[in-house]
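A.B. asks: Sequence first, predicted model second:
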Amino acid sequence: MKTPKKNPGKSRRYSHGLIALASMAATTGLLAQAAPTPETVPASTADADSEIVELTPFEVSGQKDEGYIATETLAGTRIRSDLRDLGSAISVVTKTMMDDIGATDATTLLQYTTNTEVAGTRGTFSGLNGQNDEGNALRNPGQAQRVRGLTSADNTRDYFVTDIPWDSYNTDRIDILRGPNSFLFGLGSPAGIQNGSLQNASFKNEGQLSHRVGSYGSQRASLNVNQELIDDVLSIRVAGLWDHENFRQHPAYEDDERVYAALRFDPKLFKNKDFRTSIKLKYEAGDIKANRQRNMTPIDNLTAWFRPVDNTSAAGGMGKLAINTPYQARRTTDDSLENGYGAIDSSSMNYSPWLSDTVNAQQPYWTMNGDTGETYRVHGGWINAGAYGSNGKLTGVSDGVPNRWNSGNIYSVKGYGGRATDGKYPLPLSQFGGYRNQSLTDSSIFDFYRTLIDGDNKSEFQRWTAYNIDVSQTGWNDRVGLNLIYDRQRNKTGGESLLGWAPAITIDITENLDDYYLTSDGSGITNPNFGRPFVTGAGGSGGSWTYTDREYMRGSLFAELRTSDLTDNKFLIKLLGKHRFNGVASKDDYFMEYRAWQMYANSQAWNGYWNANSGATWPFTDRAPTAIIYLGDSIANLSSASGANIPGINSRIELQDSPVRVFDPTPTVDLSVYDDPWTIPAGSTLLDVFNPNNTSRPLTQESNPANMVGWTNYTQNALMRGNGGENLEMLTKAEMTKKETTSFAGSYQGFFWNDAFIPTLGWRYDKVKTKGVRAKVNPSNRNILNMADDVYVMPDEYADAETVTGHSFNWGGVLHLNRLFKNDPLPINIGVSYTKSDNFQVTSIRRDLYGTPLDNPSGETKEYGITLSTKDNKYSVRVTKFETSMKGVNAGLSDMNIGGILANGLNWRNVFLYELGGYVYSGRGQPSYRNRWTNAYPKYVQDANGNSYAEGSAEYTAGMAAATARMDEAIRGWNEIQKYLDTKGFFQAWNFTPTGPDTALVDRSTYISDPVKYAPTENTVYSYAPSQPQGFTVTADTLSKGYEFEFIANPTPNWRISFNAAKTDASINNVGGASLTEFVEYMNSKMMDTSSPTGLTAAGEVPRWGGAGSCIGSSVWAPWYAGYQKLKLKEGTTADEVREWRFNVITNYSFREGFLKGTGIGAAYRWQDKVVLGYPMTSDGLYDLGKPYCGPTEGAMDAWLSYERKLTQKINWKIQLNVRNIFAKNELIPIYIQPDGQTWATARVAPAREWSITNTFSY
């Protein structure tokens, strides 16, 4: 079978690249012919003849930067200022530095800059925020960064917050401001900003054509041409990018294509040259299509199968346990483990805490070949609906065929985190939530270095358009100025993954499937996929996109008061100097829509089939179609998983509409025979199905499969498909937010005493109005979101509760000691500075778990700085001491399925309250093993030896009464929970309606006394599908303090050096916030009771599926609470992956004479300190913060070699080879560690060695 192309339409774009390359080659040939005797020219002198470009006070240009040194910025007061005159921690990355290190975007730059980090396969941290899900980093890699170990900085585009990733093809420079600055961006991230300055059109004729080839077949071409159309009046710039990048993990790629245009018009409206008018226009459109490589290795749900059995240790495994039949795995008798007897029943001595069901009962699954995409089988298992008992009545959708032993489908290996919290064999201290699912660390099992496990079944994209209109008027030689800007950006970013964002590799250990007994004697392995490794896909996986529309209008009024304009007194002129004032008024409109979808869902007909109803009230998300995708051949004969060389998926996986193999219990005989005896023939494989314990149990014809339709194909499951979010019926979440911000700001910068003392003051006032809407589910239509135009619509007005105002302040100063003296006596230049700044960040709607609006994140920083430089400015160093705190920031954590806890509890309360045989009210009054308290807790009707009391006996009657009383107590407990949370607004916030009206909230005994009086609203009994409140956020406070060092040197005109280092101590506190803490304390009091024999309250003891081991308290609340404890344990700890020390050094040397003339050589070294992976846990569940577990230090070296020469009098050619991570090898970097302090829990792939060769032609 032919392997599909990795990206539809990519071959067409690749052909465009070949055309571009051919054009470039032709251009090179022509240039070579035109220049028979070229002259080599050093890079630093290439622009010696450049014309002087006059700029307004509202702009800076990279053309004024020299080497790695930038002298000016807007990142202090919005007015062009000298960096040395600002106390804020601002770093500027020049175009020269980016060219040297080969950086083209944030993912290739931020490793080198001061106290910044970036995630991704080339990055310095994972950005997981405690999770295993790397979806955000894959969908939006440019936003996956961090400053000072705190949180991500805002990306800005000409100082407007943006979702668009910058690229060097049209970017002059990158300004990085660390920490909040109230005047500059008031509403920005408290961590700071990273601003990309787009190139304006300029009054000169210049151009550049660049082509790069690199590792794994990557190619990049860019064009940037500026043309002056009317001297000093009109100019235009056009640029384009064609960047097709491939990665080490085949078949990962990213295609980035952009066009850009800029126009500048400076009409000569005034005869006086001191008055200048400038109009600048910019436009960009971009399209990114990608299947990016994963930074995290797959989750290891495999290797435990090969390890020897030891249920008391985390190092134990399953001893290559094979489940002979799904029925025998449920045995309760103590027998040989050889055939998997009792392996999934906790009452059996053979129980394995590692064993896992892969799919749910009555959940269709597709077994597929990952190499070809072929479907082997579509299976649904035993259907319960339609079965009858010997009494001639339906048994109900819970019970199905009478006396049939429960069975699973495909058995596999449980994840490490799930095994740790096993109810029978928990690992030490697992109740505190310290264990995590484990990353695969052996690349001989699966080569995660070179293989993208998803194949072509994952994708990311981004598309945008943006334009900017900038009008400025200055007068009296820049003493006054007015600047008006309109900026508009539309962006759509998203992605989809069949395997989800945290895939796991496991193994099929089921020898015989649940229909195996149909073979003549049941012998042999009837599961042809036994022992094959696999991943699961679909099954609820899907995608999402976010669309944003940002519209900015900003006006700035600038004035500079010069003392020399008011007096000729030299002393006063020296003392009072000059004073700059800037006022800003702005209005920002922000619109955001977010949609998420499921890739596949079963038809309503299927849901109705297995539920014995119309299927209209069953959530479409439930028991979603699942793909079991086999990777390679069986590895069951190996002694270890090492060396298995499991392949990734090599084909496009699509679930086709297919008949589903099911057991249909519909009778084919007259029901009158169902009460007749039935004896299973000796030696029949049916003994496994109906009597796997080999105990004597009389059966009747109600259980005989021969009396039923039996195994057949259900043909009406026409799958629903998400179609990339186009199918509205498949949306799992849809919400819109609109934000309107009105701001006023003012700044002052003074220059006193010969510019020796320069104070800076800033103030800002913001009023922010927010409104939003979230699509609601329709309970009567499978919980499909109601996307009708008159329902899913934004409110007309802004609510007062969603309107916030705030004042922010920024002040500081710089003192240049040398300027204090008329005759400078100091051997070097010395400047000291202090800055204090605060701000708050207006995000999209943020709410707590009750839907109550949260305060906006806020930040405050204090910075003390000293700058030393030589008199000739060849060497300069700046040291900054900082302390930055943030309150109420997003902790980066999910909702942890809070809604699922309540949905579970209330669902099962109703099962017992109404004695539901199915899961709808129409199935009430159907006694079942799932709705009888004594089935889960037989102690009520058994003696001390486990013998059942005779029905009608005094003991039996008393036991039943006690069981009923406990059940009623449990129901009342959940009624109280519902009433309490209803008053808090919980259910409205989580978008589902629990049982109502209030009159229905009674116990079972009360209900059966008058079922009509206490009847509930029928559609509120089940089918709960909670979704988190719009903007639900788990908050935290963070504190970062430390030192930053920056050194720049140009020892000679052809040698440049940059060094930066940072010492950072970042910690996290107040995780969760007040409302979440209150909720947890309340729910814990309702679930846990240390005085009870079970350790649970009656409400906590509510069993699920008839088993006490699956009760709400132990199997739902306790694992959730452990996760919450893990969250709270972060308080006081070092923030994830923060390195105490890090440094970067970059240097480049250009030869200007001799036989190496025109050659350049450079290198960079990046180093990171050891990283805290976790802490020892004490017996009371606290961390010993004084003894952290640490991972290794990291170092990486890059080098480059360039050659430059003139091809003609005007055209310059440069070729450069870059090698990044020269000494890299295949290795992993640990992120988290298990509580034993030795076993890596999560690991990321270390950056790989990469090379590129860039040819650049410029004039």
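C.D. replies: Nice, thanks for sending it over.

A.B. asks: For whichever helix or strand residue 546 is part of, output the C-alpha coordinates as PDB.
C.D. replies: Using DSSP states H and E, the element containing residue 546 is strand 542-562. What follows is strand 542-562, C-alpha atoms only, in PDB (Å, rounded to 0.1, in the frame of the first residue of the first chain):
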ATOM      1  CA  GLY A 542     -10.400  16.000  19.300                       C
ATOM      2  CA  GLY A 543      -9.300  19.500  18.600                       C
ATOM      3  CA  SER A 544      -9.900  23.100  19.200                       C
ATOM      4  CA  TRP A 545      -9.300  26.500  17.700                       C
ATOM      5  CA  THR A 546      -9.200  30.000  19.100                       C
ATOM      6  CA  TYR A 547     -10.100  33.000  17.000                       C
ATOM      7  CA  THR A 548      -9.200  36.500  18.100                       C
ATOM      8  CA  ASP A 549      -9.900  39.900  16.700                       C
ATOM      9  CA  ARG A 550      -7.900  42.700  18.300                       C
ATOM     10  CA  GLU A 551      -8.600  46.400  17.400                       C
ATOM     11  CA  TYR A 552      -6.600  49.200  18.900                       C
ATOM     12  CA  MET A 553      -6.900  53.000  18.600                       C
ATOM     13  CA  ARG A 554      -4.200  55.000  20.400                       C
ATOM     14  CA  GLY A 555      -3.300  58.600  20.600                       C
ATOM     15  CA  SER A 556      -0.100  60.000  22.100                       C
ATOM     16  CA  LEU A 557       0.700  63.600  22.800                       C
ATOM     17  CA  PHE A 558       4.400  64.300  23.400                       C
ATOM     18  CA  ALA A 559       6.200  67.500  24.600                       C
ATOM     19  CA  GLU A 560       9.700  68.300  25.600                       C
ATOM     20  CA  LEU A 561      10.400  71.300  27.700                       C
ATOM     21  CA  ARG A 562      14.000  72.500  27.300                       C
END
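
A.B. asks: Which strands border that strand, and is each parallel or antiparallel?
C.D. replies: Here strand 542-562 is paired, per DSSP bridges, with strand 480-497 (antiparallel), strand 578-598 (antiparallel).

A.B. asks: Note down every partner strand of the helix or strand following the first one and its orientation.
C.D. replies: Moving toward the C-terminus from strand 480-497, the next helix or strand (DSSP H and E) is strand 504-507. Paired with strand 504-507 in the same sheet, following DSSP bridges, are strand 299-300 (parallel), strand 533-538 (antiparallel).

A.B. asks: By mean pLDDT, which helix or strand of the chain comes out lowest?
C.D. replies: helix 10-34 (a mean of 37; mean pLDDT, DSSP states H and E).

A.B. asks: who are the neighbours in contact with residue 812?
C.D. replies: Each residue near residue 812 by C-beta atoms under 8 Å, 6 or more residues apart in numbering is listed here: 87-88, 759-760, 833-837, 863. Quick note: C-beta positions are derived from backbone N, CA and C, even for glycine.

A.B. asks: now with 10 Å?
C.D. replies: Taking C-beta atoms under 10 Å, 6 or more residues apart in numbering, we find residue 812 in contact with 76, 86-88, 758-762, 833-837, 862-865.

A.B. asks: What subset of those residues is buried?
C.D. replies: 76, 86-88, 758-762, 833-835, 837, 862-865 (16 or more other C-beta atoms under 10 Å).

A.B. asks: domain assignment for this structure?
C.D. replies: For the chain, the structural domains run 54-198, 898-1027+1078-1123, going by automatic domain parsing.

A.B. asks: ranking those by burial, who's on top?
C.D. replies: domain 54-198 (a mean of 23; mean count of other C-beta atoms under 10 Å).

A.B. asks: picking that back up, could you point out which of the strands paired with strand 542-562 sits nearest residue 1011?
C.D. replies: Checking the strands paired with strand 542-562 against residue 1011 by C-beta to C-beta gives strand 578-598 as the closest, at 36.8 Å.

A.B. asks: what's the pLDDT at residue 1095?
C.D. replies: Residue 1095 carries a pLDDT score of 88 in this model.

A.B. asks: Give me the phi and psi for residue 687.
C.D. replies: phi -60, psi -40 (degrees, to the nearest 10).

A.B. asks: Which residue is the nearest non-sequential neighbour of it?
C.D. replies: If the residues on either side of it in the chain are set aside, residue 687 comes closest to residue 680, at 5.5 Å by C-beta to C-beta, 6 or more residues apart in numbering.

A.B. asks: Settle this for me: the one you found is touching residue 700, isn't it.
C.D. replies: No. If you go by C-beta atoms under 10 Å, residue 680 and residue 700 don't touch, sitting 11.8 Å apart.

A.B. asks: if we can go back for a sec, weakest of the domains of the chain by average pLDDT?
C.D. replies: domain 54-198 (a mean of 84).

A.B. asks: winner for burial among the strands paired with strand 504-507?
C.D. replies: strand 533-538 comes out most buried of the strands paired with strand 504-507 by mean count of other C-beta under 10 Å, with a mean of 26.

A.B. asks: elements contacting the longest helix seen in the chain?
C.D. replies: Taking DSSP state H as the criterion, the chain has its longest helix at helix 954-983. Other helices and strands packing on helix 954-983, by 3 or more C-beta pairs under 10 Å, 6 or more residues apart in numbering; DSSP states H and E, are helix 898-913, helix 933-936, helix 986-989, helix 1004-1009, helix 1073-1087.

A.B. asks: export these to JSON lines and tack on distance to residue 146?
C.D. replies: JSON lines is the format used below for these (distance: least, C-beta to C-beta, whole Å):
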{"stretch": "helix 898-913", "distance to residue 146": "27"}
{"stretch": "helix 933-936", "distance to residue 146": "48"}
{"stretch": "helix 986-989", "distance to residue 146": "30"}
{"stretch": "helix 1004-1009", "distance to residue 146": "53"}
{"stretch": "helix 1073-1087", "distance to residue 146": "21"}
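
A.B. asks: closest to residue 516 out of those helices?
C.D. replies: helix 933-936 (28.1 Å).

A.B. asks: related to what we said a few turns ago, count of residues packed around the residue nearest to residue 687?
C.D. replies: 17 (other C-beta atoms under 10 Å).

A.B. asks: you'd agree it is in a helix?
C.D. replies: No. Counting by DSSP: H, G, I helix; E, B strand; the rest coil, residue 680 falls outside a helix, being coil.

A.B. asks: ok, now how distant is it from residue 711?
C.D. replies: Remark: distance between residue 680 and residue 711 (C-beta to C-beta, to the nearest Å) = 18 Å.

A.B. asks: ok, now residue 590?
C.D. replies: Residue 590 sits at a distance of 57 Å from residue 711 (criterion: C-beta to C-beta).

A.B. asks: who's more crowded, those two?
C.D. replies: Neighbours per residue, other C-beta under 10 Å: of residue 590 and residue 711, the larger number sits with residue 590, 22 against 15.

A.B. asks: Next up, the contacts around the closest residue in space to that one that isn't next to it in sequence.
C.D. replies: Spatial nearest neighbour of residue 590, excluding adjacent residues (C-beta to C-beta, 6+ apart): residue 739 at 4.2 Å. Residue 739 is in contact with 187, 550, 588-592, 768-772, 798, 802, 842-845, counting by C-beta under 10 Å, 6+ apart.

A.B. asks: where are the low-confidence patches of this structure?
C.D. replies: Of all residues in the chain, those with pLDDT under 70 make up the ranges 1-54, 61-65, 75-78, 181-188, 332-339, 519-525, 692-696, 842, 892-895.

A.B. asks: which residue is nearest the middle of it?
C.D. replies: The residue lying closest to the centre of the chain (C-alpha atoms, centre = their mean) is residue 136, at 2.8 Å.

A.B. asks: now the strands for the stretch 651-800 of the chain?
C.D. replies: Taking DSSP state E, counting those that start in this stretch as the test, the strands found in the stretch 651-800 of the chain are 660-667, 677-678, 699-700, 708-714, 720-721, 731-751, 757-774, 777-778, 784-785.
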